[in-house]
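Novice: Sharing a model prediction with you, sequence too.
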Amino acid sequence: MANVLTISGQKGGTGKSVIAVNLAACLALYEKKVLLIDCDPQGCTTAWTGRNDDGPGHDMASVFKGKTRFSDAVMKTKPQGLDILPAGFSLFDTALKLSDSLSNQRVLRLLIQEDAPSQYDYIIIDAPSSYGFLSIMALTAADWLIIPVCTGHTVTQEFHCLLKLIHYIRKNHKIPLKIGGFVFNRRHALDDTRSVLTAENMRRIADLAYDTHIPHDTAVQKSIEKNMPLVLYDIKSPAGAAFLNFAKEIDLKFT
Ligand SMILES: Nc1ncnc2c1ncn2[C@@H]1O[C@H](COP(=O)(O)OP(=O)(O)OP(=O)(O)O)[C@@H](O)[C@H]1O
Ligand SMILES: [Mg+2]
């Protein structure tokens with residue numbers, strides 16, 4: 001059975017998509033079979049792996065509408081071992097229609113359980129920000145929640161809301177969703193982790209934080225502009241090396 005990890009968090013721009021793409025690509029470099037699912041109508045993850053949603057019939061929205069089988073919408077991408085279920089703006093409209101029923105929040109979880117090819121070691125889901133339907137659906141599909149934390153803002157309020165959201169999902173869908181850890185992103189060399197965490201939540205979050213911090217690195221934006229994961233664009237860049245370490249930590253934790 002694949003480990004299903006959703007990269008989520010309610011703040012926008014913390015690096016959810018960057019981390020989803022690069023974690024998935026690094027795990028594939030470690031010869032894991034990985035499926036990356038783009039759950040955001042912005043389609044960043046789809047674009048950054050060098051794919052597009054290739055028109056109607058080959059994306060997440062058409063799977064939800066029952067027009068395409070899950071396995072037919074999955075596309076191969078690089079590095080070898082990495083597949084993607086792409087998304088584009090049509091997901092916005094489809095999600096609006098699905099959002100009128102509580103049970104539809106489980107639609108992705110059921111699709112993964114019943115229709116996803118069985119070969120994957122990891123299924124990584126890139127969730128959008130906010131508390132909207134797609135975000136809740138992406139969390140409901142997960143076994144584990146990975147939360148990027150950016151330096152420069154405190155996370156106290158976000159952490160409390162996140163705990164409430166996890167409680168909501170566990171209660172309404174009877175699933176054992178767990179926090180799989182916090183990952184610090186866009187770290188500058190002089191940042192102090194403690195400066196972004198208040199004393200109150202420091203202990204809880206520090207226990208759940210990965211040792212690897214992803215540095216702020218201009219190579220990240222350059223790889224995005226080339227529509228490729230950083231490890232394929234510049235594996236020796238500081239963030240590229242950090243993503244490789246982070247993937248190693250993840251793999252140690254989940255296998
Ligand atoms: N480690 C990093 N170093 C430098 N730039 C970064 C890094 N991580 C993210 N970025 C920049 O931040 C931008 C936002 O990242 P990303 O799109 O992954 O955030 P997000 O949390 O997925 O956003 P959204 O909430 O819109 O889904 C990227 O386009 C990139 O330019
Ligand atoms: Mg994103």
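Specialist: Perfect, thanks for sending it. Ligands and ions are numbered 1, 2, ... in the order given.

Novice: Get me the contact residues on the stretch 101-250 of the chain for ligand 1.
Specialist: When proximity is defined as C-beta under 6 Å from any ligand atom, the stretch 101-250 of the chain approaches ligand 1 at 128-129, 185-186, 214, 216-217, 220-221, 224, 239. Any C-beta I mention is one placed from the backbone N, CA and C, and that applies to glycine too.

Novice: which ones among those residues are found in strands?
Specialist: Mapping those onto strands (DSSP state E) picks out residue 185.

Novice: Among the residues of the stretch 101-250 of the chain next to ligand 1, show me the least confident.
Specialist: Least confident by pLDDT among these: that is residue 186, with 86.

Novice: check contacts around the residue lying closest to that one once chain neighbours are set aside.
Specialist: Computed as C-beta to C-beta, 6 or more residues apart in numbering, the closest residue to residue 186 that is not its neighbour in sequence is residue 216, at 4.3 Å. For residue 216, the contacting residues are 186-188, 239, by C-beta atoms under 8 Å, 6 or more residues apart in numbering.

Novice: mind listing the helices for the stretch 101-250 of the chain?
Specialist: 107-115, 133-140, 156-173, 193-196, 199-208, 218-225, 230-233, 238-254 (DSSP state H, counting those that start in this stretch).

Novice: Buried ones in the first one, by neighbour count?
Specialist: Buried residues in helix 107-115, counted by 16 or more other C-beta atoms under 10 Å: 107-109, 111-112.

Novice: Let's have these in JSON lines, adding pLDDT.
Specialist: Formatted as JSON lines, those follow (pLDDT from 0 to 100):
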{"residue": "107", "pLDDT": "97"}
{"residue": "108", "pLDDT": "98"}
{"residue": "109", "pLDDT": "97"}
{"residue": "111", "pLDDT": "96"}
{"residue": "112", "pLDDT": "96"}
